[in-house]
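Colleague: Sharing a sequence plus its predicted fold:
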Amino acid sequence: MNGGNGLDLPWITRRFRRKMGYRPNLADPRTFNEKIVWRALNDRNPLLAETTCKLGARRHVERVVGPAYLPELYHETADPVTLPGLDLPAEYVIKPSHMCGRWFIVTPEAPAQWERIVPEARGWLETTYAKRHGLWGYWPIPHRIMVEELLRDARGGPVADYKFHVFHGRVEMILVVPLRSGTKARSYFDADWNMLPFHRGYPSAGALPRPERLNEMVQVAEAIGSAFDFVRVDMYNASRGVTVGELTQYPGRNPFVPARFDRHYGSCWRLPMGVSA
């Protein structure tokens, strides 16, 4: 069986079982992790593909809450050879529109090394992320290179990452990746900043201070997420104000510890009716 566009169901199922410790029931998914896989195999909502693209996500955010909640986009191109000739500020981020986990951060302390950036950016453009990871929403995305504003916190340092899990327009879970050198620890909170008693894939970072503008971040995330049965809205409490980084339709699948929370957050997500593989 194949989920379409090259998605290999047996491979996806084996990979899921190795990582999660249980075989996914994709005929009747109940857990959060099962429903992410079900979405990748079955849900062909065009808005998923539009907003999986980082440029398309920007358009959706601008339509819903306005451009003030977006980092400035300095440039986008399909030809990375043009990048060295741009008139850019002292610091910025270079990243692909169609992939996750790839970027270059340029600052006065870490100036652009174009002899490295240009070939790697060309490699990004040649990579079909959907084929590698089995995620349908990445297939229709145009391959582009983006140059965006580098966000800073109020003290001029790097910004912490707040990932709002929005189910049917309601924030149920906030993943926080704090700025701590040498650790991948992270913590989870509800919309009222009560720490949630589980971890996923990484050790807990413990209690963290409630961010300024939390209420505004929740309101923005819920407005953006109202068009989806589920979406993760990645946001920053930057010096420029609340800023949306990207929308994530297929967040990383990691086991919940304790495992009961996998089913709990699965129950928050009502899948669309009448959709089949």
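Modeller: Good, I have the coordinates. Predicted model only: the values in this text are computed from it and were never measured.

Colleague: Please look at residue 221 and residue 171 and confirm they touch.
Modeller: Yes - taking contacts as C-beta atoms under 8 Å, residue 221 lies within contact range of residue 171: 5.5 Å. Every residue, glycine included, has its C-beta placed from N, CA and C.

Colleague: Which neighbours do the two have in common?
Modeller: residue 164 (C-beta atoms under 8 Å, 6 or more residues apart in numbering).

Colleague: More neighbours: those two, which one.
Modeller: A count of neighbours by other C-beta atoms under 10 Å puts residue 221 above the other of residue 221 and residue 171, at 29 against 20.

Colleague: that's a helix at the more buried one, yeah?
Modeller: Yes - if the criterion is DSSP: H, G, I helix; E, B strand; the rest coil, then residue 221 is within a helix.

Colleague: mind checking how far it is from residue 245?
Modeller: Distance, residue 221 to residue 245, by C-beta to C-beta, to the nearest Å: 12 Å.

Colleague: what is in contact with these two at once?
Modeller: Taking C-beta under 8 Å, 6+ apart as the contact definition, residue 221 and residue 245 share the neighbouring residues residue 235.

Colleague: Show me where this protein has its strands.
Modeller: 73-77, 92-96, 104-106, 145-149, 161-167, 170-177, 187-189, 199-200, 230-238, 241-248, 256-257 (DSSP state E).

Colleague: now for the last one, which elements pack on it?
Modeller: Strand 256-257 is packed against strand 199-200, with contacts defined by 3 or more C-beta pairs under 8 Å, 6 or more residues apart in numbering; DSSP states H and E.

Colleague: mind listing what the strand it packs on pairs with, with the direction of each?
Modeller: Using DSSP bridges, the strands paired with strand 199-200 in its sheet are strand 256-257 (antiparallel).

Colleague: Dump the strands of the chain to a markdown table, plus mean pLDDT and distance to residue 128.
Modeller: Formatted as a markdown table, the entries for those read as follows, by pLDDT from 0 to 100; distance: least, C-beta to C-beta, whole Å:
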| stretch | mean pLDDT | distance to residue 128 |
| --- | --- | --- |
| strand 73-77 | 98 | 19 |
| strand 92-96 | 98 | 12 |
| strand 104-106 | 97 | 21 |
| strand 145-149 | 98 | 16 |
| strand 161-167 | 97 | 25 |
| strand 170-177 | 96 | 27 |
| strand 187-189 | 97 | 32 |
| strand 199-200 | 94 | 28 |
| strand 230-238 | 97 | 22 |
| strand 241-248 | 97 | 19 |
| strand 256-257 | 96 | 30 |
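
Colleague: So which of the ones you listed is nearest residue 86?
Modeller: The minimum distance between residue 86 and the strands of the chain falls on strand 73-77, with 5.7 Å, by C-beta to C-beta.

Colleague: Give me the buried positions along that closest one.
Modeller: Neighbour counts over strand 73-77 (16 or more other C-beta atoms under 10 Å) mark 74, 75 as buried.
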